Structure formats: C-alpha cells, structure tokens
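In: can you look at this prediction? I've put the sequence above it.
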Amino acid sequence: MNKYFLLVCLLLLSTFSFSQGFKNDSIKSFIDKSIELIEVNSIHIENLSNIRNELYNKSRNLNSVDEIAPLYEQVFKQLNDYHGGLKYKGKTYGWSNSNAMTNVYLKDKIKIDKGTFSKVIDKKIGYIRIAGNNDFAFKKVDSLADDIVSHINHINSNKIKGWIIDLRLNTGGNMYPIFLGLKEFIGNNIIFGGFRDAHNKPTGNWEIKEGRLLIDGVVLNRKTDLDYPIKTDIPVVILTSCYTASAGEMTAISFIGRNNTFIVGEPTANYTTAVQGFEINSDAGINLSTDYVVDRNLKVYKSNILPDFEVLGGDNLEDLKNDHKIIKALELLKK
C-alpha cells in the first residue's frame with residue numbers, strides 16, 4: 001500500500017474518531033463557537049488551549065448543552081475574567097473573586113440605599129453620593145443624569161469651597177449618565193479617558209469639548225443645566241470602597257489626573273474592563289472583557305484602583321461627621 005495513502009487514511013480515521021468522541025455533536029459545536037468568540041474578542045487568552053482541552057475532556061460523555069453550561073464557571077476563572085460570564089437560558093455562569101475584600105456595613109447599605117443623596121457639610125463642602133444603577137439598556141440616561149444635576153443644584157452656591165463625590169455604594173451599571181451629570185467637575189476641552197484593547201490600540205475615547213460630553217465622538221446631551229457654575233479646579237475628593245465597581249470605577253478613573261483631586265477609601269472591586277456580549281446561539285451568549293480602561297494621562301488599568309489615602313472601614317452614612325473616610329476627605333479639603 002502507498003505510504004502516503006496510508007498516512008492520509010490514518011489522519012482521516014483520527015479526525016473521524018475525534019469527532020465521534022462526543023455523545024452529542026451540538027456540545028462540541030457550542031464549545032468551539034464559545035472558544036472562537038473568546039479568541040477573537042477577549043483580553044484574556046493566555047490559557048485558551050488548556051481551556052479548550054479541558055472543556056472537551058469534561059464534556060465528551062455529556063448528553064446535552066444544558067450540562068456543560070456550569071463548566072463555564074471554571075472557564076472564566078481560568079480566563080481571570082470575573083467581569084464576564086456565560087448567559088444560558090436566563091442563568092449566568094461566571095466566576096466571583098473569592099479573595100475580594102468585604103465591608104459588612106456597606107454591603108448592607110447597598111441593599112437599601114439605591115438613589116442619589118446630597119447635603120452640605122460644614123456650610124462649605126458639597127457632598128453627593130451616587131449609587132449604582134441598572135440602566136444596561138440605556139433607557140434612563142436622561143433621568144439619571146438629571147437626578148445628579150438636581151442634587152448638585154440643591155446644594156451648590158458660591159459658599160461651596162470643595163466637593164466630596166461618594167462612590168462607595170456605586171456597584172456599577174451605566175457610566176455615561178454619571179459622566180453626563182458630573183461633566184463640569186471632570187473638566188473641559190479634554191480627553192479624560194477611554195478604552196484600549198489587548199494590543200493597546202484605542203477602541204474609544206471619553207471627551208468633554210466646549211462643555212459637551214462626547215463618547216467615541218457621539219455627543220450626549222443633558223436636559224438639566226447647572227444653576228450655579230462649578231469652579232475650575234475646585235478641590236474634589238472621591239470616596240471609594242471595595243464595592244466600587246465597573247461604572248463606579250470608571251467614574252473614579254475619569255477624575256484621576258484632575259488638579260486638586262484625591263481618592264480616599266478602600267481599593268476598588270477590580271472590574272475595570274469594558275464588557276461586550278456575543279451570541280453563541282438562540283439560547284446562549286457570552287459576555288467578555290474586551291478592553292482595558294485608560295485615564296486622561298493614558299495610564300492603563302489592568303487591576304483595581306488604589307486610593308491616594310487608604311481608609312479601611314469606619315463608614316457611617318447615618319452620621320457623616322463620624323465617618324472615617326469623610327473625616328479624611330474634610331482634612332484634605334481644608335488644606
């Protein structure tokens with residue numbers, strides 16, 4: 001027999017045997033599609049070969065795709081991506097970082113305090129607390145931004161000498177209405193942040209030009225105006241916690257590099273990536289971290305935000321004067 005012909009036959013037999021190694025061909029197709037999406041779009045592809053092999057080995061004898069969905073919890077752990085996850089038939093399969101910090105007091109507050117809160121401290125410091133939101137469909141951009149501006153207008157005057165912007169309860173959501181509400185604080189005629197892919201190529205910019213907010217060149221308009229202007233470079237302290245995540249972290253990053261600005265509190269939750277969703281089939285989609293965030297000085301954030309002044313615990317939202325993070329903020333603002 002011709003040696004070349006024999007080699008071809010062996011290769012075909014090997015391929016046939018491998019494809020027959022799955023009890024259900026749709027399982028292999030599902031895995032291959034998900035791996036393809038990860039390879040093309042994710043910023044975490046270092047362990048992809050091992051991930052593919054493990055998925056194959058664990059799923060050969062399974063009967064349906066329903067059984068492999070839970071395996072993606074381990075996939076996202078190996079990807080080191082706890083911002084993404086597999087969405088399958090209404091359930092999410094992802095990985096939560098078990099080494100994350102905890103703050104029992106704030107964890108309970110997040111369940112209760114859902115809105116924006118503002119007040120004047122010591123007759124001259126403006127304080128505004130902005131919680132997370134669930135506007136993932138971009139249907140509340142106007143209302144969320146206008147709510148922030150209304151709170152600013154309620155306490156702002158020529159007597160205000162500094163601001164505390166509290167993001168401790170901001171667990172994420174849509175960052176754009178927060179930018180829109182705070183744009184006068186962030187600056188003017190400046191690119192104040194954006195996204196970079198795994199190859200450090202720009203994939204989007206955040207910009208304020210002539211008082212207008214532009215995201216990737218698209219103008220976002222706000223319906224409510226400020227009653228009293230925000231002074232250029234007025235001192236600002238940003239408060240963070242271990243639950244400040246995603247949109248909350250993006251908001252903090254939007255201030256980094258601004259003059260007279262400090263971050264006080266706890267290291268943030270480390271969800272500083274842009275996430276996009278991709279369809280696998282009619283029942284499933286996969287959310288992947290696709291880009292890193294950069295600040296106005298083009299520093300790339302591949303992990304959480306470390307505060308300029310670390311203050312762990314000591315939170316007291318009922319009595320702000322006895323809140324350790326606010327005490328530190330007031331100390332900085334007085335200087």
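Out: Thanks, I have it.

In: need the contact list for the residue nearest the centre of the chain.
Out: In the chain, the centroid-proximal residue (CA atoms, centre = their mean) is Ser246; its distance is 2.1 Å. Residues near Ser246 by CB atoms under 8 Å, 6 or more residues apart in numbering: His83, Gly132, Thr171, Gly172, Gly173, Met175, Ala269, Tyr271. For glycine as for every other residue, the C-beta is placed from the backbone atoms N, C-alpha and C.

In: lowest-confidence helix or strand of this structure?
Out: In the chain, no helix or strand scores lower on mean pLDDT, DSSP states H and E than helix 3-19, which sits at a mean of 44.

In: before we move on, back to that, any idea which of the contacts of Ser246 is the one closest to Asp32?
Out: Of all the contacts of Ser246, His83 has the smallest distance to Asp32: 23.5 Å, by CB to CB.

In: one step back: quick one: the residue nearest to the centre of the chain from Val75, how far?
Out: In this structure, Ser246 and Val75 are 21 Å apart, going by CB to CB, to the nearest Å.

In: my guess is Leu169 is in a strand, correct?
Out: No: checked against DSSP: H, G, I helix; E, B strand; the rest coil, Leu169 lies outside a strand; its state is coil.

In: quick one, what contacts it?
Out: Counting by CB under 8 Å, 6+ apart, Leu169 has contacts Leu106, Lys109, Ile110, Asp113, Arg129, Ala131, Gly132, Ser241, Tyr243.

In: most neighbours of all these, which one?
Out: Among the contacts of Leu169, the one with the most neighbours (other CB atoms under 10 Å) is Ser241, at 31 neighbours.

In: what sits opposite Tyr127 in the beta ladder?
Out: Lys119, Ile164 (DSSP bridges).

In: neighbours of it, just the number please.
Out: Neighbour count for Tyr127, taken as other CB under 10 Å: 23.

In: and it, what is it in contact with?
Out: Per CB under 8 Å, 6+ apart, neighbours of Tyr127: Ser118, Lys119, Val120, Ile121, Ile155, Trp163, Ile164, Asp166, Leu320, Ile326.

In: quick one: the last one and Leu317 touch, right?
Out: Translated: Ile326. No: contact criterion CB atoms under 8 Å: Ile326 and Leu317 do not qualify, at 9.3 Å.

In: compare those two (neighbour count), which wins?
Out: Applying other CB under 10 Å to Ile326 and Leu317 shows that Ile326 carries more neighbours, namely 26 against 17.

In: wait, is Glu36 part of a helix?
Out: Yes: under three-state DSSP, Glu36 falls within a helix.

In: that one and Ile186, how far apart?
Out: With distances taken as CB to CB, Glu36 is found 38 Å from Ile186.

In: these two: who's more crowded?
Out: Using other CB under 10 Å, the more surrounded residue of Glu36 and Ile186 is Ile186, with 21 against 12.

In: quick one, what contacts the more buried one?
Out: With contact taken as CB under 8 Å, 6+ apart, Ile186 is in contact with Phe179, Phe192, Ile208, Ser254, Phe255, Arg258.

In: per-residue pLDDT, the closest residue to the second one other than its chain neighbours?
Out: Yep, that's Phe192 we're talking about. Leaving aside its sequence neighbours, Phe192 sits nearest to Arg296 (CB to CB, 6 or more residues apart in numbering; 4.5 Å). Model confidence at Arg296, expressed as pLDDT, equals 97.

In: same deal with Asn50?
Out: Asn50 carries a pLDDT value of 94.

In: wait, a helix at it?
Out: Yes: counting by three-state DSSP, one finds Asn50 located in a helix.

In: surely it meets Val75?
Out: No: counting by CB under 8 Å, Asn50 does not reach Val75; the two are 10.4 Å apart.

In: where does Gly204 sit: helix, strand or coil?
Out: Under three-state DSSP, Gly204 falls in the strand class.

In: my guess is it contacts Gly194. True?
Out: Yes: between Gly204 and Gly194 there is a contact under CB under 8 Å: 5.2 Å.

In: those two: which has the busier surroundings?
Out: Using other CB under 10 Å as the criterion, Gly204 and Gly194 rank with Gly194 on top: 22 against 16.

In: where's Ile45 relative to Glu39, distance?
Out: As judged by CB to CB, Ile45 and Glu39 stand 6 Å apart.

In: who has more neighbours out of the two?
Out: More crowded of Ile45 and Glu39, by other CB under 10 Å: Ile45, with 15 against 11.

In: what separates Ser64 from Asn134, distance-wise?
Out: Distance, Ser64 to Asn134, using CB to CB: 32 Å.
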